[in-house]
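> Would you be able to build a 3D model of this:
(2 chains)
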Amino acid sequence: MSHSHDHDHHHDHSELSETELRVRALETVLTEKGYVDPAAMDKLIDIYETKVGPRNGAHVVATAWTDPEYHDWLMKDASAAIHHLGYIGRQGEHMVAVENTTDTHNMVVCTLCSCYPWPVLGLPPVWYKSAPYRSKAVRDPRGVLKDFGIELPETTDIRVWDSTAEVRYLVIPRRPEGTEGWNAEDLAKLVTRDSMIGTGLALTPEQLCEAVSS
Amino acid sequence: MNGAQDLGGMMGFGPVVQEDNEPLFHGDWERRAFAATLAMGATGSWTLDASRHARETLAPAQYLSSSYYQIWLAGLEKLLAERGLVTADEIAAGHALTPPAPVKRKLMADDVETTLAKGGPVDRPASAPATFAVGDHVVARNMHPESHTRLPRYVRGRPGVIEAVHGVHVFPDTNAHGLGEQPHWLYGVAFRAADLWGADADPKLTVRVDLWEPYLDPA
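Presented below is the predicted three-dimensional model:
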């Protein structure tokens, strides 16, 4: 099927995929019809590219590691405790923090779509939204951890949290050994995105050194 | 509905593969598809539940062979067409061919931050006490609606224990279909892996799933 309207476009189509062209066409129609403000779209993109990301969650975790009162508040009312640090809004309206211990490891998934705590972790990586992760996490989380290069003792209890409603889960990883006396700002550097999903652990001080020097 | 979105427990997809130095968006079209989805969501033309349903009603072969932003894009096009906001001809033409239909709101650049900060809380006042309490034994209903539901297949008919009472939340099964919020009590339900996956399951695994009261029966 050919569309005679296409010659109205003056873009170089040769380097654009069908999907790219479709998105461009859709945005033009939405703008022409007055449904969206392209400047608002720019702003939405900018916020998630520059302001919202896993550094926010790392701040929450490091605060909980260093401030026992904050830790208790976070475990009791995560929405309020997280909002208190300024991380609030869409896809983080109803937060629950789940804490790893010597006995228990937590992992978060959304088997039905891609639910993820945006205000503290930003937008999810591709693997989080992919069929391999969503299918396997609830049945074989140790297999998932292996895919991430992690092996937990067989005696460790694993709890997998399937985000089927609007409650969003943030994993509080274990504080690595050898970090006694560290302040929250330095501790936050150890808190990776994956450690707050539960597909990773917080970095050890040695791993942080390697990451910084590489 | 029993669509391709309901992936829990399926096999054969291979290992979880991470991308080194993954960018937030892979190309500009992902940026624009993401922002268009949020900006159109803000017009109030559909609920978040309706947008999830639009994605899960994609044909399974299409769903499983699309990237996630391609799924979002296809879902957005479907919602726009269903509501008479944008026709397929217009997307093919790359220009508006019909007058716009009225929408409730338009998200302007200056309002983006406050709109995101406000979010869309789904907790509602209780009109009746919760049927279940922490520690109660329940069974997830064996039901297979062709319409939207957030009861994953892998827990249907399985016994679990109430571990949390989250409050009264908007019910996706009605809210996705223009039938209103009809809020119900929402519970955190724990399932033992052996009850979900049989004798070979990881003996140390518990799966926690958030389920609304109409998904549950007393055990």
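> Show me the helices in chain B, by range?
Using DSSP state H, the helices of chain B run over B:28-41, B:48-56, B:60-65, B:68-82, B:88-93, B:112-118, B:172-175, B:193-197.
> do you know which of these lies nearest residue A:150?
Nearest to residue A:150, of all those, is helix B:193-197, at 18.8 Å by C-beta to C-beta. Using the backbone N, CA and C atoms, a C-beta is placed for each residue, glycine as well.
> what's in contact with that closest one?
A:138-139, B:9, B:154-155, B:158-160, B:201-203, B:205-207 (C-beta atoms under 8 Å, 6 or more residues apart in numbering or on different chains).
> buried sites along the longest helix along chain A?
Longest helix in chain A, counting residues (DSSP H): helix A:18-32. Buried residues in helix A:18-32, counting neighbours by 16 or more other C-beta atoms under 10 Å in any protein chain shown, are found at A:19-32.
> Same check on stretch B:129-140?
B:130, B:132, B:136, B:138, B:139, B:140.
> Return the residues in contact with the closest residue in space to residue B:22 that isn't next to it in sequence.
Counting by C-beta to C-beta, 6 or more residues apart in numbering or on different chains, residue A:125 is the residue found nearest to residue B:22 once chain neighbours are left out, at 5.4 Å. Counting by C-beta under 8 Å, 6+ apart, residue A:125 makes contact with A:193, B:18, B:19, B:22.
> mind listing what the nearest residue to the third one once chain neighbours are set aside touches?
If I follow you right, that is residue B:19. Once flanking residues are discounted, residue B:19 sits nearest to residue A:126: 6.2 Å by C-beta to C-beta, 6+ apart. Residue A:126 sits next to B:19, B:22, B:26, B:67, B:68 when contact means C-beta under 8 Å, 6+ apart.
> can you check residue A:20 too?
Counted by C-beta under 8 Å, 6+ apart, residue A:20 has contacts B:27, B:28, B:29.
> how near is it to residue B:22?
19 Å (C-beta to C-beta, to the nearest Å).
> List the contacts of the most centrally placed residue in chain B.
Chain B has residue B:52 as the residue nearest its centroid, 4.4 Å off, counting by C-alpha atoms, centre = their mean. Residue B:52 sits next to A:112, A:113, B:5, B:148, B:172, B:176 when contact means C-beta under 8 Å, 6+ apart.
> how about residue 97, what does it touch?
Answering for chain A, as no chain was given. Neighbours of residue A:97 in contact, by C-beta under 8 Å, 6+ apart: A:60, A:64, A:74, A:75, A:78, A:81, A:82, A:169, A:170, A:171, A:172.
> Sorry, I should have been clearer: chain B.
B:87, B:89, B:90.
> now do residue A:172
Contacts for residue A:172 were tallied using C-beta under 8 Å, 6+ apart; they are A:61, A:64, A:74, A:97, A:98, A:99, A:100, A:196.
> Would you list the phi and psi of it?
phi -100, psi 100 (degrees, to the nearest 10).
> Could you find the closest non-adjacent residue to it?
Leaving aside its sequence neighbours, residue A:172 sits nearest to residue A:99 (C-beta to C-beta, 6+ apart; 4.2 Å).
> Report the beta-bridge partners for the residue lying closest to residue B:192 once chain neighbours are set aside.
Nearest non-adjacent residue to residue B:192, counting by C-beta to C-beta, 6+ apart: residue B:206, 6.2 Å away. Under the criterion DSSP bridges, residue B:206 forms beta bridges with residue A:159, residue B:192.
> so who does residue B:206 touch?
Neighbours of residue B:206 in contact, by C-beta under 8 Å, 6+ apart: A:157, A:158, A:159, A:160, B:190, B:191, B:192, B:193.
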